[in-house]
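# Based on what follows, work out the 3D shape:
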Amino acid sequence: MPPVPALPTTFVVDCTIIAAIFLPDEQSPFAAAVRERCADLTLVAPRLLRVEFANVALTARRRARLDETQFRALIA
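Numbering: from 1, shown residues only. Here you go, the predicted structure:
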């Protein structure tokens, strides 16, 4: 697997990064690097991120990739 590139101090996160952080079967080295460094980063997100992620979480729940407890915790 290629090394994860250095992250800038300001970083735009989108739904693919958030899904990779919170959904076990979507994990990636890049998302793990963002998660590990998020306290040191200025994160910027699209206005629709919450809606997009809620849709991803709902789809994951419907496909049994999340149980009800996990789903509710993610969308709370």
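
# going forward, measure contacts between C-alpha atoms and count neighbours the same way
Fine.

# Apart from its neighbours in sequence, what residue is nearest residue 7?
Computed as Cα to Cα, 6 or more residues apart in numbering, the closest residue to residue 7 that is not its neighbour in sequence is residue 34, at 7.7 Å.

# What distance do you get for the one you found to residue 41?
Taking Cα to Cα, to the nearest Å as the measure, residue 34 falls 8 Å from residue 41.

# Neighbour count: those two, which is higher?
Neighbour count, other Cα atoms under 10 Å: between residue 34 and residue 41, residue 34 has more, with 21 against 16.

# For the chain, which segments count as helices?
Applying DSSP state H to the chain gives helices spanning 15-22, 29-37, 49-62, 68-75.

# So what touches the last one?
Same thing as helix 68-75. 22, 54, 57, 58, 61 (Cα atoms under 8 Å, 6 or more residues apart in numbering).

# Could you pull up the residues touching the second one?
For residue 54, the contacting residues are residue 75, taking Cα under 8 Å, 6+ apart as the criterion.

# hang on, the earlier thing: okay, the helices of the chain, which one's buried deepest?
Mean neighbour count, computed with mean count of other Cα atoms under 10 Å, is highest for helix 15-22 among the helices of the chain, reaching a mean of 18.

# for that one, the distance to its chain's centre please.
In terms of Cα atoms, centre = their mean, to the nearest Å, the centre of helix 15-22 is found 2 Å from the chain centre.

# Over to stretch 41-48?
The chain centroid and the centroid of stretch 41-48 are separated by 12 Å under Cα atoms, centre = their mean.

# which residues sit in contact with the residue most central in space within the chain?
Centroid check for the chain by Cα atoms, centre = their mean gives residue 18 as the closest residue, at 1.2 Å. Applying Cα under 8 Å, 6+ apart to residue 18 gives the contacts 31, 53.
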